[in-house]
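K.L.:
just to be clear, the model below is a prediction. Sequence and coordinates:
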Amino acid sequence: MPCLKLTAACLAYGHVPLLDHAELQLDAGERVALIGRNGTGKSSLLAAIAAGSGRGRLDDGEIWLQPGLRLAYVPQEPPFDSQATVFQAVVSGMGETSALLAQYHAVSQQLAEGGDAEALLARMDALQHELEARGAWAYEAQAEKVIARFALDPEALVGSLSGGQKKRLALAQALAVTPHVLLLDEPTNHLDIAAIEWLETLLIESGVTLLFITHDRSFLDRVSTRIVELDRGKLVSFPGNFSQYQARKEALLHEEALANARADKLLKQEEIWIRKGVEARRTRAVFRVQRLDKLRAERQARRERMGQVSLQLESGDRSGKLVAELEHVSKAYGTRAVVRDFSARIQRGDKIGLIGPNGAGKTTLLRLILGELVPDSGAVRQGSKLEIAYFDQFRTQLDPDATLADVISPGSDWVEIGGAKKHVIGYLEDFLFAPERARSPVSSLSGGERNRLLLARLFAKPANVLVLDEPTNDLDIDTLELLESLLQDYSGTLFLVSHDRTFLDNVVTQTIASEGEGQWREYVGGYSDWAAYQAARRLETAAAAPAKAEAKTTASPPANKREKPRDKLSWKEARELEALPDQIARLETEQRQLTQQLEDPAFYQRDAQAAQAAAQRLAAIDDELMVLLERWEVLETRANPAS
């Protein structure tokens, strides 16, 4: 049964129709990826669906939603109050009860911190009655459940969160209402690779019906069950994942090109015929005149595919063979080690990918390699003739008030590319910026357009060392593939920080990966090679543990040595070992009881303070059980050693 339908949808900004009588149906259980070039209207379509049934934000056409459908929408940059807590932000999507839940949570927190008990209890009692009347206790339990699931601190201020944490918060807010349909616009932006893989698993296992926009090809391949492409105002459906779409799309484009070529050839022939004049005026030729009018109308109505970005990258003068050499380099901020005892030798032509979670120190390591940061210990030696160009993921190099032309070539109308001068307007056209936009301010551009402009600025200057920090954010798939091809042929040295696994695989030849606690290690190949190595290492470790234990138990002592006497338990330790099973059993029983209580929404209604205390006790039990189980293993091993 369909969850939603889009019928004859029309939407235009200016003279360009983004949706031209587009049709779409989303069925329950589907995970549909909406793809297309930047500026085709994907985000506008998602926002229109989120606006609800009827015409909403459409110029014409209709959006139908199944009655009673709960729909949640996560835009690219979700709006949050920076002064709100995480709990307040999550419940804010729960309708009219959200404000009451946020107040109740705040009063409970104040009471736990030792505030004015009499006033707070009176306020809590009033809120309890109001929430009970609305049946809102289940909402609070759901909010706390998703906050824990996304590993967020409910009392943290939204303004203190990182970009990745805010993306988790937006997803938690959406899932807290238990939606039937989830709309996601670029959900992988600001997430590191581990978080992206975790999100993939979450979306697949949740069973929620999904309509999402992303340019992450690995994410598309794993999550999507159907691809819908927005191309020249129409929505075209392709069953299967992204790899299957690519094969089918290539065949369709070839067929379209052949059909257009035949139509253009026929139109050209008919135009030549009509100019002959005399024959065209004969009665028996009226049909050909009518056909010519039809061919002209079809050619005029045909919307050509958006042009491709024309990328050129000048590597400039060759650098020295050595780019950088690091010997036992360490760097710390306070007590936190970001880089610990790292050594590497970077040579001209290396294409290096940096992999690690957000906050691991990828930017710090890059700055150490490039000599922009002095290490706390160790030595960094720079190569000669280095010309460095830097792509900043936060686009701080772009002045929002400057025009596009000034960003590319300040104070001049010309840029020099490959030894030849080119007018700045023509150069901007290579990056799909219309001539009339050359004098527009940077602030008028979308995220994808700003990334294209930053690439245009970067490539306008010769550089033999290229540093790209998250260059793939907001770029469409066609531009990503062109950028990949360009970087593969680049003769200079490349440093790439990216969470796009396919992009890393297609570009880099070696990887520097974070191992945690400031440790970094070099690997040959891209992301897949690194991931395969990590999987093999985990497998070897898991296989080696029992083998090592077995070898230890079966090995016989040397004949010329006396057997080591057993390490006997003391009387006190023996009594402790006897008591441990009962202690563990009591804790496990208490753990089950508390879990059952906390799963009951009515528990929060009866006594909020008791519910908070139960949650804290449940967390403490986990720690106590771990300590007791480890102690039991130690004593049991000593009491019954292998003979």
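P.N.:
That came through fine. Numbers count the residues shown, from 1 in each chain.
K.L.:
mind checking the pLDDT average for stretch 467-484?
P.N.:
Taken as a whole, stretch 467-484 has a mean pLDDT of 84.
K.L.:
now it, how far from the centre of its chain.
P.N.:
14 Å (Cα atoms, centre = their mean, to the nearest Å).
K.L.:
name the residues that touch that stretch?
P.N.:
35-38, 186, 189, 215, 217, 308-309, 311, 363, 366, 370, 388-393, 446-448, 450-452, 455, 494-500, 503, 506-507 (Cβ atoms under 8 Å, 6 or more residues apart in numbering). From N, CA and C alone the C-beta is placed, and that goes for glycine too.
K.L.:
mind checking which of those residues are in strands?
P.N.:
Among the contacts of stretch 467-484, DSSP state E puts 35, 388, 389, 390, 391, 494, 495, 496, 497 in strands.
K.L.:
so which of those is the closest to residue 161?
P.N.:
residue 497 (20.9 Å; Cβ to Cβ).
K.L.:
give me the distance between that closest one and residue 164.
P.N.:
Here residue 497 is placed at a distance of 14 Å from residue 164 (Cβ to Cβ, to the nearest Å).
K.L.:
more neighbours, the two?
P.N.:
Using other Cβ atoms under 10 Å as the criterion, residue 497 and residue 164 rank with residue 497 on top: 21 against 18.
K.L.:
can you verify residue 634 is assigned to a helix?
P.N.:
Yes - Residue 634 forms part of a helix when assessed by DSSP: H, G, I helix; E, B strand; the rest coil.
K.L.:
tell me who's in contact with residue 120.
P.N.:
107, 110, 111.
K.L.:
what secondary structure does it sit in?
P.N.:
Assigned with three-state DSSP, residue 120 falls in the helix class.
K.L.:
show me the contacts for the closest residue to it other than its chain neighbours.
P.N.:
Excluding its sequence neighbours, the residue lying closest to residue 120 (Cβ to Cβ, 6 or more residues apart in numbering) is residue 111, at 4.7 Å. Contacts were defined as Cβ under 8 Å, 6+ apart; by that measure residue 111 touches 117, 120, 121, 124, 609.
K.L.:
quick check on those: which are buried?
P.N.:
120, 124 (16 or more other Cβ atoms under 10 Å).
K.L.:
now the two most distant members of the ones in strands among the contacts of stretch 467-484.
P.N.:
35 and 388 (34.1 Å).
K.L.:
show me what the helix or strand where residue 21 lies is packed against.
P.N.:
Using DSSP states H and E, residue 21 sits within strand 16-27. Using 3 or more Cβ pairs under 8 Å, 6 or more residues apart in numbering; DSSP states H and E, the elements in contact with strand 16-27 are strand 2-13, helix 42-50, strand 60-65, strand 209-213, strand 226-231, strand 234-239.
K.L.:
and the second one, what other elements does it pack with?
P.N.:
Of the remaining helices and strands, those touching helix 42-50 by 3+ Cβ pairs under 8 Å, 6+ apart are strand 2-13, strand 16-27, strand 31-35, strand 71-74, strand 181-185, strand 209-213.
K.L.:
export it as CSV, just CAs?
P.N.:
Output in CSV follows, covering the C-alpha atoms of helix 42-50 (Å, rounded to 0.1, in the frame of the first residue of the first chain):
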residue,chain,number,x,y,z
LYS,A,42,15.9,17.5,-4.9
SER,A,43,15.8,19.4,-1.5
SER,A,44,12.9,21.5,-2.7
LEU,A,45,10.9,18.3,-3.5
LEU,A,46,11.7,16.8,-0.1
ALA,A,47,10.6,20.0,1.7
ALA,A,48,7.4,20.1,-0.3
ILE,A,49,6.6,16.5,0.7
ALA,A,50,7.4,17.4,4.4
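K.L.:
which residues are contacting that helix?
P.N.:
By Cβ under 8 Å, 6+ apart, helix 42-50 touches 4, 6, 9, 11, 13, 18-19, 22, 34-36, 56-58, 63, 71, 73, 75-76, 183, 185, 211, 213, 230.
K.L.:
what about residue 35 and residue 388, which has more around it?
P.N.:
residue 35 (25 against 17).
K.L.:
list buried residues within the contacts of stretch 467-484.
P.N.:
Looks like the contacts of stretch 467-484 have 35-38, 186, 189, 215, 217, 309, 311, 363, 366, 370, 388-393, 447-448, 450-452, 455, 494-500, 503, 506-507 buried, using 16+ other Cβ under 10 Å.
K.L.:
can you pull the contacts of the residue most central in space within the chain?
P.N.:
In the chain, the C-alpha nearest the mean C-alpha coordinate belongs to residue 188, at 1.2 Å (Cα atoms, centre = their mean). Under the criterion of Cβ under 8 Å, 6+ apart, the neighbours of residue 188 are 196, 199, 214, 216, 219, 499.
K.L.:
check residue 349 too.
P.N.:
491, 492, 493 are the contacts of residue 349 under Cβ under 8 Å, 6+ apart.
K.L.:
which of those residues has the most neighbours?
P.N.:
Top of those by neighbour count (other Cβ under 10 Å): residue 492, with 26 neighbours.
K.L.:
give me the pLDDT for that residue.
P.N.:
89.
K.L.:
swap in residue 315?
P.N.:
Taking residue 315 on its own, its pLDDT is 64.
K.L.:
neighbours of the closest residue to residue 183 other than its chain neighbours, how many?
P.N.:
Distance criterion Cβ to Cβ, 6+ apart; nearest residue to residue 183, sequence neighbours excluded, is residue 73 at 4.3 Å. Using other Cβ under 10 Å as the criterion, residue 73 is surrounded by 20 other residues.
K.L.:
how far away is residue 73 from residue 52?
P.N.:
Separation of residue 73 from residue 52 (Cβ to Cβ) stands at 10 Å.
K.L.:
ditto for residue 22
P.N.:
18 Å.
K.L.:
more neighbours: these two, which one.
P.N.:
Taking other Cβ under 10 Å, residue 22 and residue 52 do not tie; residue 22 has more neighbours (23 against 13).
K.L.:
that one reaches residue 233, doesn't it?
P.N.:
Yes - look at residue 22 against residue 233 with Cβ atoms under 8 Å: they come within range, at 6.5 Å.
K.L.:
now do the contacts for residue 105.
P.N.:
Counted by Cβ under 8 Å, 6+ apart, residue 105 has contacts 85, 87, 88, 91, 140, 154.
K.L.:
partner residues bridging residue 353?
P.N.:
Beta-bridge partners of residue 353, counted by DSSP bridges, are residue 496, residue 511.
K.L.:
could you list the low-pLDDT ranges of the stretch 51-200 of the chain?
P.N.:
Counting by pLDDT under 70, the ranges of the stretch 51-200 of the chain that qualify are 53-56, 95-96, 98, 115, 134-138.
K.L.:
what segments of it are helices?
P.N.:
86-91, 97-112, 117-134, 137-149, 163-175, 193-206 (DSSP state H, counting those that start in this stretch).
K.L.:
now the fourth one: buried residues?
P.N.:
For helix 137-149, the buried set under the neighbour-count rule, 16+ other Cβ under 10 Å, comprises 137, 139, 140, 141, 142, 143, 144, 146, 147.
K.L.:
now do residue 349 against residue 587, distance only.
P.N.:
Counting by Cβ to Cβ, the gap from residue 349 to residue 587 is 60 Å.
K.L.:
thinking again about what came up before, now the angle between strand 181-185 and the strand holding residue 21, please.
P.N.:
150 degrees (axes from the mean of the first three to the mean of the last three Cα atoms, to 10 degrees).
K.L.:
now do stretch 44-55: distance to the chain's middle.
P.N.:
The answer for stretch 44-55 is 23 Å, by Cα atoms, centre = their mean.
K.L.:
list the buried residues for it?
P.N.:
Within stretch 44-55, the residues scored as buried using 16+ other Cβ under 10 Å are 44, 45, 46, 47, 48, 49, 50, 53.
K.L.:
what do you get for stretch 524-536?
P.N.:
525, 526, 527, 529, 530, 531, 533.
K.L.:
from the chain's centroid, how far away is it?
P.N.:
20 Å.
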